[in-house]
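A.B. asks: Next comes the sequence, and after it the predicted model I'd like to discuss.
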Amino acid sequence: MNDTRDDVAGDRADEDRIVTDADAEKRAAAARLKKQQKKEKKATQLEAARQDAVAQARAEWEREEAERADRKPSTGSQIREYLDPRRHPVVCGLAFVCVAALIAMTVLAVLFTNRSDDLASMQQLDRDKAAAEKVAGEYAVGAATFKSDDLPAWSAALKKGTADELNSRFDTAVQTLTPLIQEVQWSQTAELISANTVDVRADRQFVVQVFVSTAMKSTQNPDGLNTVTPYTVTLDRDANWRITDVAGIGGVAQDGSAGQGMPDLTPNDGPAAPQSGSPQSGSPQSGSLQPGAPQSGSPQPAP
């Protein structure tokens, strides 16, 4: 009997325990379901908010596009927008490189042109000097060469290539000195030593210093006398190298002698004053020619 009651009590206890476990499982399932529902609700709310934001952004974009379509931009603004460097970075970089290269080439071209012009000017000046020296040297040799029996040829040589104002002065000098040269039977030859340009005036007047070696003979110097005579010849390039001024200085005897009876051929307006013991002579002036006349007190240039 007691055993039966114990068995019944045990069965009831088992049933109560089973009921309790079932309730706990139900409560746990209900809690999980509630939590899941909360998650789903939150997810639904987030999705709805996202869709609202997307819809709002799209509506804003569509509104701006509509306004932009309604507001037609001006041509200038379109050009500025098209030329905006930020839209074409590669093209802008290439353009900058091209501009820099063009500037560098322009600078080099200007420098090269200036240098070429300077070089051309120097070369032209050298050619002009050579031409002036050639004309002056030939003139000095001709002016220092004459024969007592052929003075018209000497007169022509004195006036060859000279300005008109010099020709009349040379005519006067030759007329004055012809009797003197013929009296001492003075003849003279000349050779060019050097001709160098010493000055250029106004970019057209070339002053050339010429030295000639002369050999003269006369009744007073039958054995001959050698001298070195300098001439300063001024020529005008723009007048085809016409000689505008000639200055001659008394020659220096190469043998050191002081020859006598050698007139100073100076074109003056009248006859020169005679010197003691020698034929007439004048003082050297601009335009004078003195073919080899060593005189006391005259400059002594080196040969």
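C.D. replies: It's in. Numbers count the residues shown, from 1 in each chain.
A.B. asks: where exactly do the helices run in the stretch 151-300 of the chain?
C.D. replies: For the stretch 151-300 of the chain, the helices defined by DSSP state H, counting those that start in this stretch occupy 151-159, 164-183.
A.B. asks: now the angle between helix 151-159 and the longest one, please.
C.D. replies: In terms of direction (axes from the mean of the first three to the mean of the last three C-alpha atoms, to 10 degrees), helix 164-183 departs from helix 151-159 by 150 degrees.
A.B. asks: other SSEs contacting the longest strand that the chain contains?
C.D. replies: Ranked by residue count, the top strand of the chain under DSSP state E comes out as strand 187-201. Here strand 187-201 touches helix 89-143, strand 205-217, strand 225-236, going by 3 or more C-beta pairs under 8 Å, 6 or more residues apart in numbering; DSSP states H and E. Where C-beta positions appear, they are placed from N, C-alpha and C, glycine not excepted.
A.B. asks: Need the winner for burial among those.
C.D. replies: strand 225-236 (a mean of 22; mean count of other C-beta atoms under 10 Å).
A.B. asks: could you dump it to CSV, C-alpha only?
C.D. replies: The C-alpha trace of strand 225-236 is given here as CSV (Å, rounded to 0.1, in the frame of the first residue of the first chain):
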residue,chain,number,x,y,z
LEU,A,225,118.3,108.5,-101.8
ASN,A,226,115.8,106.1,-100.2
THR,A,227,113.2,107.4,-97.8
VAL,A,228,110.1,106.2,-96.0
THR,A,229,107.1,108.6,-96.3
PRO,A,230,103.8,108.4,-94.5
TYR,A,231,100.5,109.5,-95.9
THR,A,232,97.2,109.9,-94.1
VAL,A,233,94.4,109.3,-96.5
THR,A,234,90.7,109.8,-95.7
LEU,A,235,88.1,108.0,-97.9
ASP,A,236,84.3,108.1,-98.2
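A.B. asks: and that strand, what does it pack onto?
C.D. replies: helix 89-143, strand 187-201, strand 205-217, strand 242-248, strand 252-253.
A.B. asks: Which of the ones you listed sits closest to residue 21?
C.D. replies: Residue 21 sits nearest to helix 89-143 of all the helices and strands packed on strand 225-236, at 74.4 Å, using C-beta to C-beta.
A.B. asks: for the stretch 151-300 of the chain, which spans come out with low pLDDT?
C.D. replies: Scanning the stretch 151-300 of the chain for pLDDT under 70 picks out 249-300.
A.B. asks: quick one: the closest residue to residue 163 other than its chain neighbours and residue 235, what's the gap?
C.D. replies: Distances taken as C-beta to C-beta, 6 or more residues apart in numbering put residue 244 closest to residue 163, at 4.9 Å, once the chain neighbours are dropped. When C-beta to C-beta, to the nearest Å is the yardstick, residue 244 and residue 235 sit 7 Å from each other.
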